[in-house]
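Q: Model the following, please.
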Amino acid sequence: IDEAIDAFQRASQFNPRYYNNLGIAYVEKGDLDEGIKALQKALTAKIDTEVTYVNLGIIYGKRGDLDKAIQAYKKAIQVNPDYEEAHANLAIAYLDKGDCQEAVREAKFWVKLRPDLWNSHALLASAYEAQGNLTAARKAWKKVLALDPENRLAKEHLKKLSDIR
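A: Numbering: from 1, shown residues only. Just a heads-up that it's a prediction; the model follows:
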């Protein structure tokens, strides 16, 4: 990974587009602070802004700074309101923070953007479960199975939910 970091550092001197790659390489190495610095340089250069904000949010989430992660994902959505990865990660950050209402809202938006993805419905189902809305969770898990009939996660959750009344 050190070779990749060196290569991206050299390349970013000529093309700031590589700051995003450099940030990810630092994250892979485990150096989150340097990853943040590189991604902030990408933002200053206005390179792949929504992608960079999501990558920044992921780093903040790894550091346990959910408020900064949430802000980064929101900025990605401001740049591109239909950027599905930002909505998915924002929903997960809200779940991790315990804000189930916002998690459901963002997961619903992701489902609206990508109704064909089983994992969008799985995230919505998880958010509903965390919220305590078991009826909606069951419905969402059933949609996961409709899209992916062998989905083990959905089967496990539906079994668990069938035991709860």
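Q: per-residue confidence at residue 124?
A: We note a pLDDT of 98 for residue 124 in this prediction.
Q: Quick check: closest non-adjacent residue to it.
A: Distances taken as CB to CB, 6 or more residues apart in numbering place residue 107 nearest to residue 124, at 4.0 Å, with adjacent residues excluded. (Each C-beta comes from the backbone N, C-alpha and C, glycine too.)
Q: residues contacting that neighbour?
A: 87-88, 91, 120, 123-124, 126-127 (CB atoms under 8 Å, 6 or more residues apart in numbering).
Q: Which of those fall within strands?
A: When those are checked against strands (DSSP state E), there are no matches.
Q: which pair in these spans the largest distance?
A: Maximum pairwise distance among those (CB to CB): 14.4 Å, between 87 and 126.
Q: Show the low-confidence segments of the protein, by residue range.
A: 165 (pLDDT under 70).
Q: Just give me the residue closest to the centre of it.
A: residue 89 (2.0 Å; CA atoms, centre = their mean).
Q: Surely residue 86 touches residue 50?
A: Yes: with contact defined as CB atoms under 8 Å, residue 86 counts as touching residue 50 (6.4 Å).
Q: Specify which residue of the two has the higher count of neighbours.
A: Using other CB atoms under 10 Å, the more surrounded residue of residue 86 and residue 50 is residue 86, with 27 against 19.
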